[in-house]
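Q: got a predicted model here, sequence first, then my questions.
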Amino acid sequence: MPLAQIDLDRTLMEQKKTEISEGIQKAFVDALDSPPDDKFHIFRPHDDGELIADPGFWGVERRSMLAIQVTMVHRYPVDAKLEMYRQIAKNLEELGIRHQDIFISIVENGFEDWYPGKIRGE
Amino acid sequence: MPLAQIDLDRTLMEQKKTEISEGIQKAFVDALDSPPDDKFHIFRPHDDGELIADPGFWGVERRSMLAIQVTMVHRYPVDAKLEMYRQIAKNLEELGIRHQDIFISIVENGFEDWYPGKIRGE
Amino acid sequence: MPLAQIDLDRTLMEQKKTEISEGIQKAFVDALDSPPDDKFHIFRPHDDGELIADPGFWGVERRSMLAIQVTMVHRYPVDAKLEMYRQIAKNLEELGIRHQDIFISIVENGFEDWYPGKIRGE
């Protein structure tokens, strides 16, 4: 159960929400071996000025920010995380979103930290 | 100090925000032994299509999603977390919210990771 | 890469977003030794009633809530976190925001849990 929270420009969301969601989900499937139907995404549209990212930190030339926060179980090796970043960047670039403008952070928890509409095993 | 972040349908929020907040808080009190006044909730209303949840993952028949993210100190046994899920589901079902549509995730931190308007002990 | 998520009153945001962002960033620099250009902030404006905080928990007299969630790498000693709280409170009080109304929580992750527009080292 990765949970993806996506904070992004309102216009971009209105135009490409479905495709962005599919691109993120495909990356979860390809990089993390998530089941395709393990899909829980929260989109939060933003108006000008609400998403603040430095235009040059780490030598990356940013023009805007699409922030993806992934909450997922602590079980994936570093390589799987890097592959997830690559896949998300690739899939969203196909939609015209520059990889430089993508910002991803991961927070981990445990198997017992999820309730997707029922208790596990009940 | 559990912090609850609730992302939900805008109309549902406008109709039942107070009751949902009370139902979540009661679950914190009953399942986690939180003090009743240890109450910090953030509601984020959403328009159609912003909350995406698979309609069948884990065999749960979902029609929508009310997502509750709980940040809390790493101190509770698994049983307390499960009881918290049960209590939240029960309390929100009394408001007409299907338990299948509730999605809860927990992220933990430490005692030193909170500033509720003052430094602990100062 | 601390990521700051700020949930606050809409009017306050419209009036003082830039100054609040600068105050938080200055605290990261002064307390955590963050580079000044390591700046990633998400502002989420709220209407009345969406931010719920107990008016007296921990003996703090609250009138409203400006919630700051900081995601950052697990590497800082407790003293640096406390200093971060003090600096944020001080910098925002200079903008007329009562420290009692500030609520900060920290969630930690690892160095591999960030993608700020490129893979580290590539």
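A: Nice, thanks for sending it over. Please read these numbers as outputs of a predicted model, since none were measured by experiment.

Q: every contact and neighbour count from this point should use C-alpha atoms.
A: Will do.

Q: for the residue nearest the centre of chain A, helix, strand, or coil?
A: Nearest residue to the geometric centre of chain A (C-alpha atoms, centre = their mean): A:Ile68, 3.8 Å. Using DSSP: H, G, I helix; E, B strand; the rest coil, the structure places A:Ile68 in strand.

Q: OK, contacts around it?
A: Contacts for A:Ile68 were tallied using C-alpha atoms under 8 Å, 6 or more residues apart in numbering or on different chains; they are A:Ala4, A:Gln5, A:Ile6, A:Asp7, A:Ile102, A:Phe103, A:Ile104, A:Ser105.

Q: bridged to it, which residues?
A: Assessed by DSSP bridges, A:Ile68 has beta-bridge partners A:Ile6, A:Ile104.

Q: roughly how far does it sit from B:Ser21?
A: Distance of A:Ile68 to B:Ser21, computed by C-alpha to C-alpha, to the nearest Å: 26 Å.

Q: got it, and A:Ile97?
A: 37 Å.

Q: do A:Gln100 as well
A: With C-alpha to C-alpha as the criterion, A:Gln100 and B:Ser21 are 39 Å apart.

Q: A:Thr71 now?
A: Distance from A:Thr71 to B:Ser21, by C-alpha to C-alpha: 23 Å.

Q: equivalent analysis for A:His46, please.
A: 25 Å.

Q: over to A:Gln69?
A: A:Gln69 sits 24 Å away from B:Ser21, taking C-alpha to C-alpha as the criterion.

Q: kindly report the same for A:Lys16.
A: Taking C-alpha to C-alpha, one finds A:Lys16 at 32 Å from B:Ser21.

Q: looking at those two, which is more packed in?
A: Using other C-alpha atoms under 10 Å in any protein chain shown, the more surrounded residue of A:Lys16 and B:Ser21 is B:Ser21, with 20 against 14.

Q: dihedrals phi and psi, the spatially closest residue to that one that is not a sequence neighbour?
A: With C-alpha to C-alpha, 6 or more residues apart in numbering or on different chains as the criterion, B:Ser21 has its nearest non-adjacent residue at 7.2 Å, and that residue is B:His41. In terms of degrees, to the nearest 10, the main-chain angles of B:His41 are phi -130, psi 140.
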